[in-house]
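predicted model and sequence below, questions to follow.
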Amino acid sequence: MSASPTHPDQRIRVLVVGSGWRFLSGISYYTCRLSNALSSRYEVGALLMRRLLPARLYPGRERVGHSLADLRYASSVRVFDGVDWFAVPSLFRAVRFLRSFRPDVLVLQWWTGAVLHSYLALVLAARSLGIKVVVEFHEVQDTGEARHAWAARYVRRCIRPLLSRTDGVVVHSRFDLAAVSDIYGIAGVPAEIALHGPFDHHEPVARRPGPDGVCRLLFFGTIRPYKGLEDLIEAFAGLGPGYHLTVVGETWEGWTLPGEMIVDSPVRDRITFVNRYVADAEVNDFFAGADVVVLPYRRSSASGPLHIAMSHGVPVVVTGVGGLVEAASDYSGTVFVPPASPAELALGIAKAAGLAGRRHADPSSWAKTVDAYSRLFAQFSQLESTTSSNQTEPELSPDLR
């Protein structure tokens with residue numbers, strides 16, 4: 001790599017950029033877990049996006065800045081917290097941190113257009129220092145943003161200068177790789193598939209037995225149009241008295257239909273609705289008291305709740321959409337169902353109930369994620385050797401020029 005370590009015995013330095021704790025989301029946890037995992041093999045820093053946008057525009061505005069996460073960065077990871085959407089003076093301080101840490105590789109977590117202007121500035125600073133740039137895609141674009149034409153146009157137009165300066169791409173599935181390639185034209189850019197690592201950072205607790213003859217279902221995660229919770233509410237109404245449903249999640253994008261359906265459900269007495277973003281201290285209790293986790297997404301690239309469920313060894317009913325198929329195919333507790341079909345969902349729940357009562361092994365691994373990054377970094381070295389011998393740069397897709 002062009003920005004090689006100063007001394008041969010030094011480890012590659014990696015700076016991970018992603019969501020901080022103030023605007024807490026699944027990407028906040030992922031950024032921390034990835035940084036900690038990479039630190040087992042590399043010298044790692046973390047540069048956090050602190051204020052993503054004006055708090056009044058954030059779906060979880062009531063909890064912004066509240067201390068809900070117990071997860072912490074490893075002591076070996078240098079953390080800069082962080083960059084604000086209004087840039088001044090935080091972005092200048094972030095660039096100083098970048099120059100001081102002087103990584104060999106800058107790794108950008110991509111999930112929202114709210115960070116795009118900050119990422120562009122960091123990429124320009126990195127490239128001026130000869131630092132390689134990697135973009136790890138969690139979404140092509142946030143689904144809430146994509147609903148607004150102006151936001152979709154902004155991202156599609158302004159992400160191209162960033163991708164034209166990108167040396168490598170990481171995605172969570174072959175599905176995502178095809179989607180990113182189709183939309184952003186990254187042909188010719190080195191890419192690696194790194195399946196989502198486990199979300200096993202919650203303190204383990206003993207399984208909590210439930211009432212005899214009752215299968216306890218759990219829906220966990222933000223409530224958004226693409227999550228398909230309304231399909232589960234409809235399916236649950238026909239399951240009979242042997243089931244109880246707990247819904248734990250914060251409503252986003254004004255998607256109140258599932259909540260309204262719960263209120264009007266003929267089996268409302270068998271539904272528990274916790275309509276908020278719960279703290280880490282509560283997460284284990286909900287999963288310890290679940291026999292089956294149900295995730296009826298209508299589309300998805302990846303799912304934090306899926307990985308929490310697998311880390312707890314609980315059976316999951318999940319729709320066969322997007323990257324979820326690759327994420328859950330090797331998990332013995334998985335029952336796949338078609339999306340947007342309450343009838344099929346009900347059948348899948350009945351099947352998964354038969355898998356309850358034993359712990360299923362989580363096939364995901366952060367070591368595999370680190371291996372994927374190592375393969376990508378090796379591609380950089382190979383490309384650099386080829387480029388040096390040919391005296392030409394590898395061609396980018398015309399869309400990225």
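Received the coordinates, thanks.

could you use CA atoms for every contact and neighbour count after this?
Fine.

pLDDT (mean, whole number) over stretch 25-44?
Stretch 25-44 shows a mean pLDDT of 97.

residues of that stretch that come out buried?
Under the neighbour-count criterion of 16 or more other Cα atoms under 10 Å, stretch 25-44 has 25, 27-39, 42-44 buried.

what of stretch 361-376?
By neighbour count on 16+ other Cα under 10 Å, the buried set for stretch 361-376 is 362, 363, 364, 366, 368, 369, 370, 372, 373, 374, 376.

residues contacting the residue nearest to the fifth one when sequence neighbours are not counted?
Okay, so that is residue 368. Spatial nearest neighbour of residue 368, chain neighbours left out: residue 194 (7.1 Å); criterion: Cα to Cα, 6 or more residues apart in numbering. Neighbouring residues of residue 194 by Cα atoms under 8 Å, 6 or more residues apart in numbering: 170, 171, 172, 173, 368, 369, 372, 373.

give me the phi and psi for residue 168.
Dihedral angles of residue 168 (phi, psi; degrees, to the nearest 10) stand at phi -160, psi 160.

distance check, it against residue 105.
10 Å (Cα to Cα, to the nearest Å).

kindly report the same for residue 333.
37 Å.

cool, and residue 241?
According to Cα to Cα, residue 241 stands 55 Å off from residue 105.

how about residue 178?
24 Å.

residues contacting the helix or strand of the chain with the lowest mean pLDDT, please?
Taking mean pLDDT, DSSP states H and E as the measure, the chain has helix 143-146 as its least confident helix or strand, at a mean of 78. Applying Cα under 8 Å, 6+ apart, the contact partners of helix 143-146 are 112, 113, 151, 152, 226, 253.

residue 169: helix or strand, and which one exactly?
strand 168-171 (DSSP states H and E).

and what of residue 133?
Per DSSP H and E: strand 132-137 holds residue 133.

list the contacts of residue 107.
Contacts for residue 107 (Cα under 8 Å, 6+ apart) come out as 14, 15, 16, 17, 133, 134, 135, 136.

just confirm residue 98 is within a helix.
Yes. With DSSP: H, G, I helix; E, B strand; the rest coil as the criterion, residue 98 is located in a helix.

how about residue 24, nearest residue that isn't a chain neighbour?
What sits nearest to residue 24 in space, not counting adjacent residues and going by Cα to Cα, 6+ apart, is residue 64, at 7.3 Å.

that neighbour contacts residue 22, doesn't it?
Yes. Between residue 64 and residue 22 a contact is recorded at 5.7 Å, counting by Cα atoms under 8 Å.

before we move on, back to that, of the contacts of residue 107, closest to residue 287?
residue 136 (28.6 Å; Cα to Cα).

ok, what's across the strand from the closest one?
residue 109, residue 170 (DSSP bridges).

burial count for it?
By other Cα atoms under 10 Å, 22 other residues sit near residue 136.

distance of it relative to residue 372?
Distance, residue 136 to residue 372, using Cα to Cα: 12 Å.

sticking with residue 83, tell me its helix or strand.
strand 78-84.

now do the helices in this structure.
Using DSSP state H, the helices of the chain run over 26-38, 90-101, 116-128, 143-146, 149-163, 174-184, 229-236, 257-264, 280-288, 304-311, 324-328, 342-353, 366-390.

and those helices, which one averages the lowest pLDDT?
Across the helices of the chain, helix 143-146 gives the lowest mean pLDDT, at a mean of 78.

let me know the pLDDT of the residue nearest to residue 368.
96.

quick one: residues in contact with stretch 71-89.
In contact with stretch 71-89 (Cα under 8 Å, 6+ apart) are residues 20, 29, 32-33, 35-36, 39, 43-54, 90-91, 94, 97, 114-115, 118, 201.

perfect, I'm done here.
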